[in-house]
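# coordinates only, sequence not included:
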């Protein structure tokens, strides 16, 4: 969470974000609704509405847990929210924070979408300062002093510990969106797990990912998020398949969890193992994910089995990789065309440019002058992808050629090919 706070303060200072400016009627309960460019949550992007829905749910969970003296449950809810803010909202909103425009700048004002991102993150951090106060009193106070007391001054309570505890804004609650985004995040996590297992770098684009979900209603709703899933998994296409449509490249194997089933079934556990081996594993897995249990006939009697009693192995055909969790199964197509390899190499070059920016000490807003030199395999891609490199690494001018005489270029190895980068800040 401190990294999120640091990210916010750095860019808020760069962009001139000031929630107190031209906002004379602000109160603790109504802090920013009167600020210029503030927009109601219902009018913001889907990502913002999800974030505020999660914030509302967290306020309710923390309040109920503290009132019931369930301190661990309250702390767990705060950790979950912080993880969602950092690894989903901020990461997916970076381009919005980095977009052109400044607040209160008449020549190039911040866009409404950029303002929405700032106000969403600001409201989350301010609310978190109140929720965290019983657990991390000093960090909560730091947030309050810098984000509330600093800009608003004596109009606000002197300390977060003297302010009212946050109350849930129920009109922000969107439980179906929260459930759907939870499923999306679970599938994205699954895709990253698959990449790690097969040692496929995240920067390497792939042609396709297939999602198989047993719940037909969720499956239908997930089609709305295929673009988001494709971005997160770095694939060109995402297909949402009905159970069974993945049969050509995935098969399932069901085994009893002897640790949990042994004490319950005794000698019958081997008969259960044999029955699972004969059953339609794909159909049982779908039933298990949809209903939370499956019914199986063992020695002429029906037997109900829960998810903790069955181990489901997901095996992919050659050229594919797959894994499953409680939401569904995700399959990645692993074949790499020349175009995909080139795209992946371009992303690796971007990463080296960004690392060089950091090493040279360029600030977040500095544009760079760059010279690239090295092996033909890398340089040919750099020549074709100059627009991408300049956009992603904030490059004002990119030249293919050796570093200036007497200058030291930084050398990198990318898949065995050499890339040399010389970089300096653009002079004003």
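In hand now; what should we look at? No experiment lies behind these values; they were computed from the predicted model shown.
# tell me the pLDDT at the residue in the chain sticking out farthest from the centre?
Largest separation from the mean C-alpha position in the chain: residue 300, at 47.7 Å (C-alpha atoms, centre = their mean). Predicted confidence (pLDDT) for residue 300: 80.
# and residue 219, what does it touch?
Residue 219 sits next to 213, 240, 242 when contact means C-beta atoms under 8 Å, 6 or more residues apart in numbering. In short, each C-beta sits where N, CA and C put it, glycine included.
# Can you show me the helices along the stretch 151-300 of the chain?
In the stretch 151-300 of the chain, the helices defined using DSSP state H, counting those that start in this stretch lie at 175-198, 216-222, 226-233, 258-265, 269-278, 281-291.
# CSV please, covering those helices and showing distance to residue 360.
Converted to CSV, the helices of the stretch 151-300 of the chain look like this (distance: least, C-beta to C-beta, whole Å):
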stretch, distance to residue 360
helix 175-198, 30
helix 216-222, 43
helix 226-233, 29
helix 258-265, 55
helix 269-278, 59
helix 281-291, 50
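# Which of those comes out lowest on mean pLDDT?
Among those, helix 281-291 carries the lowest mean pLDDT (a mean of 76).
# ok, residues contacting that one?
Under the contact criterion C-beta under 8 Å, 6+ apart, helix 281-291 has outside partners 213-215, 243-244, 247, 251-254, 276, 294, 296, 305, 307, 310, 312, 324, 326-329.
# Quick check: buried residues in that helix?
Neighbour counts over helix 281-291 (16 or more other C-beta atoms under 10 Å) mark 281-282, 284-289 as buried.
# Then stretch 368-378?
Buried, per 16+ other C-beta under 10 Å, within stretch 368-378: 368-374, 377-378.
# Show me how far that stretch is from its chain's centre.
Here the centre of stretch 368-378 is set off from its chain's centre by 31 Å, with C-alpha atoms, centre = their mean, to the nearest Å.
# Quick one: mean pLDDT for it?
In the prediction, stretch 368-378 has an average pLDDT of 93.
# just stretch 242-253 next, same as before
82.
# 14 is where my numbering starts, stick with that
All right, first residue 14 from here; so that's stretch 255-266.
# Show the end-to-end separation of that stretch, please.
Stretch 255-266 stretches 19 Å from its first residue to its last (C-alpha to C-alpha, to the nearest Å).
# Would you mind listing the outside residues contacting it?
Residues outside stretch 255-266 that contact it (C-beta under 8 Å, 6+ apart) are 223, 225-227, 229, 232, 294-296, 298-299, 325-330, 332-333, 335, 342, 344.
# how about a cut-off of 7 Å?
If you take C-beta atoms under 7 Å, 6 or more residues apart in numbering as the criterion, stretch 255-266 is touched by 223, 225, 227, 232, 294-295, 298-299, 325-330, 333, 335, 342, 344.
# if we can go back for a sec, can you lay out the buried residues of helix 294-304 as JSON lines showing distance to residue 35?
Supplementary listing: these in JSON lines, determined by distance: C-beta to C-beta, whole Å:
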{"residue": "294", "distance to residue 35": "63"}
{"residue": "295", "distance to residue 35": "60"}
{"residue": "297", "distance to residue 35": "61"}
{"residue": "298", "distance to residue 35": "57"}
{"residue": "299", "distance to residue 35": "56"}
{"residue": "300", "distance to residue 35": "58"}
{"residue": "301", "distance to residue 35": "56"}
{"residue": "302", "distance to residue 35": "52"}
